[in-house]
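> here is my input, please return the structure:
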Amino acid sequence: MLKQVKEEPQPESLWRHADFLKLWTGQTLSLIGSQVTLLALPLTAVLALRASAFQMGVLRAVQYLPALLIGLFAGVYIDRVRRRPVLMAADLGRAALLATIPLAAAVGVLRMGYLYGVAFLVGTLTVIFEVAYLAFVPALVRREQLVDANGRLEASQSVAQIAGPGLGGLLVQALSAPVAILADALSFLVSVAFLGLLRTPEPAPEAAERRGIARAIGEGLRVVLRQPLLRATLISSGITNFFAAIFNSLYVLYVVRQLGVGPAGLGGILLLGSVVGLGAAVVAGRAARRGGLGPTMLLGMLLIAVGGACVPLAGASAVLIFPLLTLGQALGGAGDTFYNITVVSLRQALTPDRLLGRVAASARFVIWGAQPFGALVGGVLGEALGLRPALAVAAAGFALAFVSLALSPIRAVRAQPVADLSGENASESA
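Numbering: from 1, shown residues only. Prediction:
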């Protein structure tokens, strides 16, 4: 049965957890590299290949299409194998794929079709990595350490958002966008090295889990669809990610081409704004304990909505461009941090160990699965309405996600809930 946890003593510090520190270090460096690509890949399309708004939407869509195609199957697979070898193989594959982009540019064969193909394959490995990663963390730390662990990992995302865009902007300015992507390829190799240093034994998957694919997928889906709290976060996350795909597919094109901001300036905007996200990650665990898990989640969604609204408003006047873009990035970064830490911790706490991969995959299937459609809609809206009105539509969507979450049972959640994690009926009660 679902119950509220009473206030307990602070869990043991993760600073004394050697293997978590190795995982955290490797992931931080990898995320910095990924932030370089997050800027350099669309800049490659915009600056080197002169992509249109619709082509930018397609590029974003193919990155997330694998979530729809293999997401649920990835969850079944992850629950049947040890997760660390999967993480290492996915990182190696992504490093090799990204390294081909500067090579294709050097020999003169880089085209949008090639970018689409690499983005799709990297997206496929990213789905597998993310599902395995979310299932691996609870095997490395105790349940009462999950909020702090996820807070530190989200802090890594914020550090990456501080260092990565600035580094990416400088690399693009100095070396070209395709060559800058090499930094990400190298960062994946660093992540593999740190994963290889882990010494905590990972238990073998239960033999009982070797059951039919459809039945195994159904178990994971039932957890997220039947449990009211998880269902509420699934709906709000799905809405957010649909409109985030519209937003993100057009953002670089809007800032660079319409507002006239260069690669280094764009990197600086992302860097300055992301400092706030780091601060949010540092205090997220304390905020959730003092203000409540649900209110912290709602605050995060509200900040995302307000931050999103700043971006189309930045086009109203030249003097507003840098202040509003930076403010939007800051509020969005803080909101993402508060929301992601609390949602992921809630999902992990409510999920039995044997279902962690499938529940993570089921959530990713809905959340990431909304992005290909949103990206394509973004491309169409950008062509039909213009970049600024299309971004205003996305900002209105973020507000809709906040309303959805505010009307759900999440608003009443204070302490982190738990479910029966031991028995066969866990999927029914969770």
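
> just after whichever helix or strand A264 is part of, pick out the following helix or strand.
For A264, the host element (DSSP states H and E) is helix 263-291. Taking DSSP H and E as the definition, the helix or strand that follows helix 263-291 towards the C-terminus is helix 293-313.

> mind giving me the packing neighbours of that next one?
Judged by 3 or more Cβ pairs under 8 Å, 6 or more residues apart in numbering; DSSP states H and E, the packing partners of helix 293-313 are helix 228-253, helix 263-291, helix 321-349, helix 387-406. In short, each C-beta sits where N, CA and C put it, glycine included.

> quick check: angle from the third one to helix 387-406?
Our comparison of helix 321-349 with helix 387-406, counting by axes from the mean of the first three to the mean of the last three Cα atoms, to 10 degrees, yields an angle of 30 degrees.

> sorry, back to before: out of the helices and strands packed on helix 293-313, which is closest to P102?
Evaluated over these, closeness to P102 peaks at helix 263-291, with 16.0 Å, by Cβ to Cβ.

> average pLDDT across that closest one?
When the per-residue pLDDT values of helix 263-291 are averaged, the result is 73.

> cool, and stretch 373-391?
Mean pLDDT, computed over stretch 373-391, is 93.

> renumber starting at 46 from here on
With 46 as the first residue, the last one maps to stretch 418-436.

> buried ones in that stretch, by neighbour count?
With burial defined by 16 or more other Cβ atoms under 10 Å, the residues of stretch 418-436 counted as buried are 418-424, 426-427, 431-433, 435-436.

> go on, stretch 300-315?
300-301, 304, 306, 308-315.

> just put these in JSON lines and tack on distance to G168.
Formatted as JSON lines, the entries for these read as follows, by distance: Cβ to Cβ, whole Å:
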{"residue": "V300", "distance to G168": "23"}
{"residue": "V301", "distance to G168": "23"}
{"residue": "L304", "distance to G168": "28"}
{"residue": "V306", "distance to G168": "27"}
{"residue": "P308", "distance to G168": "23"}
{"residue": "A309", "distance to G168": "27"}
{"residue": "G310", "distance to G168": "28"}
{"residue": "L311", "distance to G168": "23"}
{"residue": "G312", "distance to G168": "23"}
{"residue": "G313", "distance to G168": "28"}
{"residue": "I314", "distance to G168": "25"}
{"residue": "L315", "distance to G168": "21"}
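
> remind me which residues of the stretch 196-345 of the chain are low pLDDT?
Across the stretch 196-345 of the chain, residues meeting the criterion (pLDDT under 70) sit at 203, 206-208, 210-211, 250-256, 317-319, 322-323, 326-327, 329-330.

> no, scratch that, I was asking about the stretch 46-195 of the chain
For the stretch 46-195 of the chain, applying pLDDT under 70 flags the ranges 46-57, 188-189, 192.

> if we go to 50?
Segments of the stretch 46-195 of the chain classed as low confidence (criterion: pLDDT under 50) are 46-54.

> mind listing the helices for it?
Taking DSSP state H, counting those that start in this stretch, the helices of the stretch 46-195 of the chain run over residues 63-88, 98-123, 128-151, 157-185, 191-220.

> what's the closest of those helices to A441?
Set against A441 and scored by Cβ to Cβ, the helices of the stretch 46-195 of the chain come closest in helix 98-123, at 18.1 Å.

> tell me what angle the closest one forms with helix 157-185.
On the basis of the same axes, to 10 degrees, helix 98-123 is oriented at 40 degrees to helix 157-185.

> how about residues contacting stretch 351-367?
The contact list for stretch 351-367, computed with Cβ atoms under 8 Å, 6 or more residues apart in numbering, reads 288, 292, 296, 299, 303-304, 306, 310, 314, 368-370, 372-380, 433-434, 436-437, 439-440, 443-444.

> for A332, which residues are in contact?
Residues in contact with A332, defined by Cβ under 8 Å, 6+ apart, are 341, 344, 383.

> mind putting the residues you listed into a markdown table with distance to L92 and neighbour count?
Putting the contacts of A332 into a markdown table (distance: Cβ to Cβ, whole Å; neighbours: other Cβ atoms under 10 Å) gives the following:
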| residue | distance to L92 | neighbour count |
| --- | --- | --- |
| T341 | 39 | 24 |
| L344 | 37 | 20 |
| F383 | 34 | 29 |
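
> return the member of those residues nearest to L198.
Distances from the contacts of A332 to L198 were compared by Cβ to Cβ; the smallest belongs to F383, at 14.1 Å.
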